[in-house]
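Chemist: Fold the following, please.
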Amino acid sequence: MRVKTGIDIIEVDRIKSSIEKLGEKFLKRVFTEEEIKYCNNKNKMKYQSFAARFTAKEAILKAISGVLENKYDISWLNIEILNDENGRPNVKFIDYKLDLIDQIDISLSHIEEYAIANCVVILK
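Modeler: Numbers count the residues shown, from 1 in each chain. Have a look, this model is predicted:
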């Protein structure tokens, strides 16, 4: 068993600026339809929610990059971060199979100015 970790932090204004400047082009390049729907329903906290998911994807990529044959084979849209019925974020890989992963755990947090994510991956 091997454990890999990843962490990322971002200023919420960077994500907000990208969304305001590039709109759907940015959103559809980085986030799945379900993530966009979830974050847009957060009203005044929507930019924090987008930023938290962005950092989560970055943290995951940092954690798994060392075990990928080619880190460019996986895209933003292959990783989806949605909350379960208890509000806990879960990771789902879409159209990308990672047989090496036994477990993956993600933790997100944000305040007005920053979003952060931490990822722990247990490999088989």
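Chemist: How many residues are close by residue 47?
Modeler: When neighbours are defined as other Cβ atoms under 10 Å, residue 47 has 22 of them. C-beta here means a position set from N, CA and C on the backbone, and glycine is covered the same way.
Chemist: ok, now which ones touch it?
Modeler: Residue 47 makes contacts with 12, 15, 16, 19, as judged by Cβ atoms under 8 Å, 6 or more residues apart in numbering.
Chemist: and the first one, how many neighbours?
Modeler: Read that as residue 12. Neighbours of residue 12 (other Cβ under 10 Å): 21.
Chemist: neighbour-wise, which of the contacts of residue 47 leads?
Modeler: residue 15 leads the contacts of residue 47 on contacts (other Cβ under 10 Å) with 24 neighbours.
Chemist: Which helix or which strand is home to that one?
Modeler: If you go by DSSP states H and E, residue 15 is part of helix 12-22.
Chemist: If we only consider the contacts of residue 47, which is nearest to residue 73?
Modeler: Comparing these against residue 73 with Cβ to Cβ places residue 15 closest, at 24.7 Å.
Chemist: neighbouring contacts of the helix holding residue 15?
Modeler: 26, 27, 47, 48, 50, 51, 54, 110, 112, 113, 114, 115.
Chemist: Same check on stretch 27-35?
Modeler: Contacts for stretch 27-35 (Cβ under 8 Å, 6+ apart): 19, 36, 39, 50, 53-54, 57, 76-77, 80-82, 94.
Chemist: ok, back up a step: go through the helix or strand that the helix holding residue 15 is followed by and flag the buried ones.
Modeler: The helix or strand immediately downstream of helix 12-22 is helix 24-30, counting by DSSP H and E. Of all the residues in helix 24-30, those buried under the rule 16 or more other Cβ atoms under 10 Å are 26, 27, 30.
Chemist: This completes my enquiry, with thanks.
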